[in-house]
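Asker: Sequence first, predicted model second:
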Amino acid sequence: MSAGPESESSIVNESKAPDEKDVKAAVEGRYAAIARGQLKSCCSSTPSASDLYNIATAQGYTAAERAELPEGADLGLGCGDPTGTADLQPGQTVLDLGSGAGVDCFLAARRVGPSGFVIGVDMTDEMLAKARSNAQRGGFTNVEFREGDIENLPVESATVDRVISNCVINLAPDKARVFAEVYRVLRAGGVVTVSDIVSIGPIPPEVRRDMERWAGCTAGALEKSAYLSTVRAAGFRDVEILKEVPYEYLRTETYALASLTLRAVK
């Protein structure tokens with residue numbers, strides 16, 4: 001998540017909307033660098049101490065949850081704790097969109113137990129390698145990491161009980177396609193629980209065209225009402241906001257950003 005304004009030099013040609021390939025290249029490049037240890041976070045600048053407290057509050061992981069994780073699994077890239085509110089039960093199959101180094105997959109794996117199964121999907125080779133290494137070191141045998149795009153999931157239709165995602169869908173150029181894919185892979189009665197970044201007020205076109213801010217989870221954020229409408233348009237019912245945390249340090253004269261955790265049922 002981006003934590004401050006970037007320089008004007010980072011803004012892509014303002015005469016056109018961002019190209020899907022440019023967005024994905026920027027996102028993949030940022031997260032590959034994080035996985036290699038070349039960047040400490042997805043943020044473009046360093047938040048203050050109070051801002052970091054705000055981020056931690058939005059993320060919501062408990063000390064007990066963190067103790068369950070292999071070292072290096074939690075890179076601090078989330079904006080909530082969708083796993084903690086996903087009502088995971090033993091024996092379920094869970095899918096994590098944008099699984100990164102594996103943090104939410106490993107938390108889910110503990111909850112579904114040896115009779116359950118967790119699939120993590122990520123498009124970044126370096127993150128997949130890190131996640132697979134973490135799984136081996138942590139002894140997780142009920143987790144599989146697959147290379148893929150969340151707009152075209154490498155998962156069979158109607159095979160998943162729960163879908164989770166943590167601060168990832170905002171990075172996708174086509175959010176409607178993402179939620180259509182989530183609907184496809186869920187079994188009837190299945191539930192999606194996601195934490196994501198939304199905007200309160202319209203994000204200006206010049207920010208939308210900024211690839212640094214796309215990779216930093218700000219430029220691609222949908223307005224809150226549009227986000228909820230996109231979920232419903234995919235076919236989901238009982239769309240419920242579980243938690244909303246505003247990021248006051250990202251507020252501008254025209255828009256603000258917030259972490260939103262929501263739940264919806266197929």
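Answerer: Yep, that arrived. Numbering: from 1, shown residues only.

Asker: Which parts of the chain are helices?
Answerer: Secondary structure of the chain (DSSP state H): helices at 20-35, 49-59, 63-67, 103-112, 125-138, 175-185, 205-208, 211-215, 224-233.

Asker: Return the helix or strand in this structure with minimum mean pLDDT.
Answerer: helix 49-59 (a mean of 46; mean pLDDT, DSSP states H and E).

Asker: so where's the stretch 151-266 of the chain uncertain?
Answerer: Counting by pLDDT under 70, the stretch 151-266 of the chain has low-confidence residues at 214-217, 248-250.

Asker: thinking again about what came up before, can you tell which of the helices of the chain is closest to Val155?
Answerer: Minimum separation from Val155 across the helices of the chain (CB to CB) falls at helix 175-185, 4.6 Å. Glycine gets a C-beta too; all of them are placed from N, C-alpha and C.

Asker: residues making contact with the closest one?
Answerer: The contact list for helix 175-185, computed with CB atoms under 8 Å, 6 or more residues apart in numbering, reads 95, 97, 150-153, 155-160, 163, 169, 172, 192, 222, 227, 230-231, 233-236, 266.

Asker: Kindly recompute the last result at 7 Å.
Answerer: If you take CB atoms under 7 Å, 6 or more residues apart in numbering as the criterion, helix 175-185 is touched by 95, 150-153, 155, 157, 159-160, 163, 169, 172, 192, 222, 230-231, 233-236, 266.

Asker: ok, Gly180 - how many residues close by?
Answerer: Just so we're on the same page, residue 180 is Ala rather than Gly. Around Ala180 sit 15 other residues, with neighbours defined as other CB atoms under 10 Å.

Asker: before we move on, what about Arg237?
Answerer: With other CB under 10 Å as criterion, Arg237 counts 9.

Asker: How about Val198?
Answerer: Val198 has 23 neighbours, counted by other CB under 10 Å.

Asker: Sheet partners, orientation included, of the lengthiest strand in the chain?
Answerer: In the chain, with assignment by DSSP state E, the single longest strand is strand 186-200. Using DSSP bridges, the strands paired with strand 186-200 are strand 160-166 (parallel), strand 222-223 (parallel), strand 256-265 (antiparallel).

Asker: What residues of the last one count as buried?
Answerer: When you say that, I think you mean strand 256-265. Going by neighbour count (16 or more other CB atoms under 10 Å), the buried part of strand 256-265 is Ala256, Leu257, Ala258, Ser259, Leu260, Thr261, Leu262, Arg263, Ala264.

Asker: residue contacts, the second one?
Answerer: The reference is to Leu257. Ile197, Ser199, Thr218, Ala221, Tyr247, Leu250.

Asker: Mind putting these into JSON lines with neighbour count?
Answerer: Below are the contacts of Leu257 laid out as JSON lines (neighbours: other CB atoms under 10 Å):
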{"residue": "Ile197", "neighbour count": "27"}
{"residue": "Ser199", "neighbour count": "24"}
{"residue": "Thr218", "neighbour count": "28"}
{"residue": "Ala221", "neighbour count": "30"}
{"residue": "Tyr247", "neighbour count": "22"}
{"residue": "Leu250", "neighbour count": "22"}
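
Asker: As TSV, those residues with distance to Ala108 would be great.
Answerer: Formatted as TSV, the contacts of Leu257 follow (distance: CB to CB, whole Å):
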residue	distance to Ala108
Ile197	21
Ser199	28
Thr218	27
Ala221	25
Tyr247	26
Leu250	29
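
Asker: circling back to that earlier point, nearest to Pro90, of the helices of the chain?
Answerer: When the helices of the chain are compared by CB to CB, helix 103-112 sits nearest Pro90, at 5.9 Å.
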